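> could you look at this predicted model? Sequence included:
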Amino acid sequence: FLLWQHYKELHAHLNGCIRPATLMELAEKKKVDLTKIGDNFGKNLDTCFKTFQAIHQVCDSLSVVERITSEMIEDFHKEGVVYLEIRTTPKAFTAEGTTIEDYVKTVVNVMKAYDNTDAFKVRLIISINRASPYATAEEIINLAIAMKPFVEPYLVGVDFGGDPSKCKFKDFESLFVKARKAGLKSTIHTAEIVNYLDNDDVLSFVPDRIGHGVLLSPAQIEIVQKKG
């Protein structure tokens, strides 16, 4: 039914939307072993992050980032999406001497090529991997703030995600406060596993959106409902 409707996609991860055929092709070229994923390809949380690890191995250059961004946008456009937000964590590819700024510019340039009518808009959310060192997360947030005036209207917010068993939102909260003061919206992955203390920290921050939120406690659900 949705294939025949115009709709908005607000939770699309760049690496998570790679075409299976593209993943297989790149894995073969780069000799990345996908057998550990096996028949459970992305079917549960554990294999999901094993899948992401494999995708990270094949997405090792700006040319690949450019390709998968383009393919992702084309796929969602064909499905009838009229507004697409792409989430991705900027990476520096040391082998080719490129920076996280180069990464963001590459993604935005692809967006510009497709985002040329009022009927279809593509926007960027820069993600922080919760398994990253604080210094890495800080570098990415600082980049998002610095680039915001130059990549408007494409950059619309920052995200906190990754393996929910790693680290705590509280350890990174100050960075999201800084981003908020700079005018960036926030979306925080939470309640993907049972971790009520971390959920409380996220809800106390009052993000603009939460991601997933499938394992909130009844009291936490009530908080979300009240805050809208």
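Here it is on my side, so go on. Computed from a predicted model, the values in this text were never measured in an experiment.
> low-confidence ranges, the chain, go.
The model of the chain has pLDDT under 70 over residues 1-5, 36-43, 46-47, 116-117.
> give me the phi and psi for the nearest residue to residue 212 once chain neighbours are set aside.
Ranked by CB to CB, 6 or more residues apart in numbering and with sequence neighbours excluded, the top spatial neighbour of residue 212 is residue 192, at 4.9 Å. Quick note: C-beta positions are derived from backbone N, CA and C, even for glycine. Dihedral pair for residue 192: phi -80, psi -20, per degrees, to the nearest 10.
> swap in residue 60?
The phi/psi pair for residue 60 (degrees, to the nearest 10) is phi -120, psi 20.
> all helices of the chain, in order?
20-30, 45-58, 62-78, 100-114, 134-147, 173-181, 196-205, 218-227 (DSSP state H).
> okay, those in a markdown table with distance to residue 13 next?
Conversion of the helices of the chain to a markdown table gives the following (distance: least, CB to CB, whole Å):
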| stretch | distance to residue 13 |
| --- | --- |
| helix 20-30 | 14 |
| helix 45-58 | 8 |
| helix 62-78 | 9 |
| helix 100-114 | 12 |
| helix 134-147 | 15 |
| helix 173-181 | 18 |
| helix 196-205 | 18 |
| helix 218-227 | 22 |
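> residue 6 is nearest to which of the ones you listed?
Taking CB to CB, helix 62-78 is the member of the helices of the chain nearest to residue 6, at 10.9 Å.
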